[in-house]
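Participant: Need coordinates for the following:
(chains A and B)
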Amino acid sequence: MTSLLDDKEITRELWQSHLPVCFILADEDKNKMSRSESPEPLYLMLARHSYFPCFIEKIHRYYCNYFKNDPNDTTNNMNLANLWLEYESIPLKWHYPIGVLYDLYVSSLSSISSHVPWQIIVHLSKFPEGEIIRFPDKESIEAHFMSTIKEADALKHRGQIIEDMQKRDHQQLWNSLLQDRYDGFWKINNKLMTYTDNLQYFRYIPFRIHILDKPFIHKLFSPFNVEEEKWTTLNDLLQFTLNHEAHCEQIANEKKIFNTNINDYRVIIHGIQPSLQSPVQWLSEHFSYPDNFLHICLIEKRT
Amino acid sequence: MSTNEGNENDSFSVDASNSAANNDEVNTGSVRSGPSNDSEGGSKVVFLLKAAGGAPILKKKKWALPRSKTIGHIVEFLKKYMQLDAQQQQQLFLYVNQAFAPALDTTIGSVNDCFSSEGTLVLHYALTQAWG
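Facilitator: You can find the predicted model right below:
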């Protein structure tokens, strides 16, 4: 798909978009503080495309200060592995980009009109086993990130491009993300945005549809309709995916079939409501997260 | 692909309770490939599990699970099934296309929709990181 040079600027804008986040310690963990004063909330400006585990040590260190007067604390409250984040009673999944979590949960659940700073509760105990996975080390989140890029490339180019890259190119993708270097990231990422198999588009679009209280949805969808010789749009993608998923649920005899009417949802990518007539190939090249997936949040409109 | 080979009594479930186990049981005869491959439909995903990187080989190759079960569910099941806990073996990795490991909360239904090849989904399991 031909794209104007100016369109590249959109990827830079998205790269630079940040969210102000206010971390507040859970009341039950405040009671265990050895110092008398309660910790002040911690404010951080976080890149939408980043992941919470990249900042977890910083958050952990901050609260450690309030515990250090008592080295004999045997309750092990400050164990990093016990730390988890909550918003409106929902434990936040560490392996989703921060912007996706914000778009999905704040748009769906927030009862107040002002959404920023995003107020997140930090828990140091009572880990919700079974609901989320424990915070891993930085290596695990890097492995997850790379695996997701490989999955995207399997859809776009049968995995040919990522396989042909060298290990140091893989590392440059992740390190550029960590160190906030747009140019370093796109130098490599541009290769992942090329076409193979003599096509002028990706074989399939890597996308995930996030709906509250559902596992994400993921289907095979081509950016070009060969029979009708036209580009497929975001509207086409959503309609196909929702219908297909509803069909699968019907077959599985699930009682609650979800709403397949696109008009009943707000469609959000990167905090923005893009036109439903946008060609998905263009969206995939410009609006994907660094993991190369188009993360589309569907927020059911309140009646 | 309308039947499963052997082991009719094997159930695929990490849940110890009988009722839950019955629910997940491989139902020989009624299992078909996923809806994306079969217009008549079928509520379960049929997939092959293959060992990689020197992992113990399972006798039973073909499995079936409801679409809503996750990759994490399969990982936990395999750890118990192969009694890895007793061997101090903590990790098990599941790979698609011999290339990437989907996140643990990915449903088997969505993996099947995108990565089954000619109606069959193949997953490789390894005890160490085999790819990537």
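Participant: who are the neighbours in contact with the residue of the stretch 1-150 of chain A found nearest chain B?
Facilitator: Using CB to the nearest CB, the closest approach of the stretch 1-150 of chain A to chain B is made by residue A:150 at 3.9 Å. Any C-beta I mention is one placed from the backbone N, CA and C, and that applies to glycine too. With contact taken as CB atoms under 8 Å, 6 or more residues apart in numbering or on different chains, residue A:150 is in contact with A:159, A:162, B:99-100, B:132.
Participant: Packing partners of the helix or strand containing residue A:175?
Facilitator: In the assignment (DSSP states H and E), residue A:175 maps to helix A:167-178. Contact partners of helix A:167-178 among helices and strands, from 3 or more CB pairs under 8 Å, 6 or more residues apart in numbering or on different chains; DSSP states H and E: helix A:138-157, helix A:182-192.
Participant: Those helices: which one's closest to residue B:116?
Facilitator: helix A:138-157 (12.6 Å; CB to CB).
Participant: Any buried residues in the closest one, and which?
Facilitator: A:141-157 (16 or more other CB atoms under 10 Å in any protein chain shown).
Participant: longest single strand anywhere in chain B?
Facilitator: strand B:44-51 (DSSP state E).
Participant: ok so, going back, off-centre distance for the helix holding residue A:175?
Facilitator: Counting by CA atoms, centre = their mean, to the nearest Å, helix A:167-178 is centred 18 Å from the centre of its parent chain.
Participant: Then stretch A:202-222?
Facilitator: 13 Å.
Participant: Next, the distance between the ends of that stretch.
Facilitator: 7 Å (CA to CA, to the nearest Å).
Participant: does chain B sit close to it?
Facilitator: Yes. Stretch A:202-222 reaches chain B (CB under 8 Å from any CB of the partner chain) through A:204, A:215-220.
Participant: Quick one: mean pLDDT over that stretch.
Facilitator: If you average the pLDDT over stretch A:202-222, you get 95.
Participant: what does stretch A:173-183 give?
Facilitator: Rounded mean pLDDT across stretch A:173-183 is 96.
Participant: Stretch B:102-115 too?
Facilitator: Here the average pLDDT along stretch B:102-115 is 93.
Participant: now do the same end-to-end measure for that stretch.
Facilitator: Stretch B:102-115 has an end-to-end distance of 11 Å (CA to CA).
Participant: List the buried residues for it?
Facilitator: By neighbour count on 16+ other CB under 10 Å, the buried set for stretch B:102-115 is B:102-115.
Participant: which of those are close to chain A?
Facilitator: B:102-107, B:109-110, B:113-115.
Participant: now those residues in JSON lines, with distance to residue A:287 and secondary structure?
Facilitator: Formatted as JSON lines, those follow (distance: CB to CB, whole Å; DSSP: H, G, I helix; E, B strand; the rest coil):
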{"residue": "B:102", "distance to residue A:287": "22", "secondary structure": "coil"}
{"residue": "B:103", "distance to residue A:287": "21", "secondary structure": "coil"}
{"residue": "B:104", "distance to residue A:287": "26", "secondary structure": "coil"}
{"residue": "B:105", "distance to residue A:287": "23", "secondary structure": "coil"}
{"residue": "B:106", "distance to residue A:287": "22", "secondary structure": "coil"}
{"residue": "B:107", "distance to residue A:287": "24", "secondary structure": "strand"}
{"residue": "B:109", "distance to residue A:287": "25", "secondary structure": "helix"}
{"residue": "B:110", "distance to residue A:287": "21", "secondary structure": "helix"}
{"residue": "B:113", "distance to residue A:287": "22", "secondary structure": "helix"}
{"residue": "B:114", "distance to residue A:287": "20", "secondary structure": "helix"}
{"residue": "B:115", "distance to residue A:287": "23", "secondary structure": "helix"}
